[in-house]
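Visitor: The sequence and its predicted three-dimensional model are supplied below.
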Amino acid sequence: MLGNTSATVATEAAATTSPTPAPPKYPHYLPTRPDGYAATTDVPLFHAEEPGLRADPSKPELSKAATSLRNITPRIGTEIHGVQLSQLTPAGLDEVALMAAERGVLVLRNQDFADIGFDRQRDIVRHYGPLHQHPTMGYPAGTGPEFHVVYADESVGTLRDLLGPRPSYDLWHVDQTFTPNVPSTTFFWILEGPAGEGGDTAFTSLQHAYDALSPSFRETLNHLEVFHTSASVGEVARIGQERALREAVNTVHPLVIEHPVTHKPVLFVNPTIGRSVQGFHASESANLLAFFHDHIRSLDFSCRVRWEPGTVVVWDQRSAAHSAVPDFAEGERRHMVRMIPYGSQPKAAFPRTGEAPR
Ligand SMILES: [Fe+2]
């Protein structure tokens, strides 16, 4: 029997009233944008070092420090215990770049990275290249737009709110590929995770996505090029189509690139930014890209990273695409920071005969 007593009513009322949210654990990392939003800036081509090319292939510093190195799947992802990113020498940081290139994504547990301060965080990631300055994302007060704060809570909402009603919210992409130089060894760390479950990040290997295609199909792809634009799905959602198109920065990259560190061919597709195949009719391009965008989602090449306090993820954006998994409860706080260095300009894995490699 349902009890309709005043005590029951009071209990039900308490259950439907949201509790006062706990204050953030890292208030000095809350996103701010005192200078307002900027237009997406074009970054002209520049020569970028690839630290992974300098690394000793045997990775002596990582091997010595690691107490556990466990592959998440055979094709992508390695979880590392015992290595402290903040303690690595420049040669050790080079080894991280090489390993991230080879494995797509590294998951480093029990890091002090979130607590070493803005300057040291910036210095470590800058080891890999000049840092991308995000035009719209918030950054911690007193820093700059090279810190990309990814923040959800009861007032700002999540990716679900940004993208509107959809049947699912995975949004596979590579960050900021609309400039000649593209992101390389990217750092993403957690400050505070949802009190409940969820908020993982998924990664998929673009190298293994290429390898899985038939030799005949690969042949037809090897000389194609893709138009990349900052007027991406995410950017249109964030600032509106009109402004996104007006401020767009565009470039063209080969569809199949040679990874600058591993030298392996990579299917360099980017569902949100790489929008059309050069020289194809719109329907040809849309259908071919739709096939790839479905293909790279396969569990054959992908993994899902669960965040724990102290986790830092380092991934190579030429090796792996990624997606947020915004499955945590409405209103829960998830507080993360990302920093993106630029690497070299992608070059074709199979330049046409007589064509100078880019
Ligand atoms: Fe991203």
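Guide: Arrived safely. Numbers count the residues shown, from 1 in each chain.

Visitor: For this structure, which segments are assigned as helices?
Guide: 6-16, 51-54, 60-65, 90-103, 118-126, 159-163, 206-211, 215-221, 233-239, 241-246, 282-295 (DSSP state H).

Visitor: mind checking which of the ones you listed is nearest Arg333?
Guide: Ranking those by proximity to Arg333 (CB to CB) places helix 159-163 first, at 14.2 Å. (Glycine included, C-beta is placed from N, CA and C.)

Visitor: Spatially central, which residue of this protein would that be?
Guide: Closest to where the C-alpha atoms of the chain average out (CA atoms, centre = their mean) is His322, at 5.3 Å.

Visitor: so who does the spatially closest residue to it that is not a sequence neighbour touch?
Guide: Distances taken as CB to CB, 6 or more residues apart in numbering place Phe203 nearest to His322, at 4.9 Å, with adjacent residues excluded. Contacts for Phe203 (CB atoms under 8 Å, 6 or more residues apart in numbering) come out as Ile76, Gly77, Gly104, Val105, Ser302, Cys303, Arg304, Val305, Trp315, Ala320, Ala321, His322.

Visitor: thinking again about what came up before, how close does the residue nearest to the centre of the chain sit to Val107?
Guide: 12 Å (CB to CB, to the nearest Å).

Visitor: In the chain, where is pLDDT below threshold?
Guide: Scanning the chain with the threshold set as pLDDT under 70 gives 1-19, 354-358.

Visitor: hmm, 80 instead?
Guide: For the chain, residues meeting the criterion pLDDT under 80 lie at 1-21, 232-235, 238, 353-358.

Visitor: quick one: the closest residue to Ser184 other than its chain neighbours from Thr186, how far?
Guide: Spatially, and ignoring its direct neighbours in sequence, Ser184 is nearest to Gly343 (2.9 Å; CB to CB, 6+ apart). From Gly343 over to Thr186 the distance is 10 Å, taken as CB to CB.

Visitor: shared neighbours of the two, which are they?
Guide: Shared contacts of Gly343 and Thr186, defined by CB under 8 Å, 6+ apart, comprise Gln317.

Visitor: elements contacting the longest strand along the chain?
Guide: When the chain is parsed with DSSP state E, its longest strand is strand 185-192. Using 3 or more CB pairs under 8 Å, 6 or more residues apart in numbering; DSSP states H and E, the elements in contact with strand 185-192 are helix 90-103, helix 118-126, strand 312-316, strand 334-339.

Visitor: Could you export these as a markdown table, including distance to Leu289 and mean neighbour count?
Guide: Shown next, in a markdown table, are those (distance: least, CB to CB, whole Å; neighbours: other CB atoms under 10 Å):
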| stretch | distance to Leu289 | mean neighbour count |
| --- | --- | --- |
| helix 90-103 | 25 | 23 |
| helix 118-126 | 31 | 16 |
| strand 312-316 | 22 | 26 |
| strand 334-339 | 25 | 22 |
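
Visitor: Export the ones you listed to TSV and append columns for distance to Val226.
Guide: Listed next are those as TSV, based on distance: least, CB to CB, whole Å:
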stretch	distance to Val226
helix 90-103	21
helix 118-126	27
strand 312-316	19
strand 334-339	24
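
Visitor: Tell me which of these sits nearest to Glu247.
Guide: Closest among those, using CB to CB: strand 334-339, at 21.2 Å.

Visitor: in its sheet, what does the closest one sit against?
Guide: strand 148-152 (antiparallel), strand 185-192 (antiparallel) (DSSP bridges).
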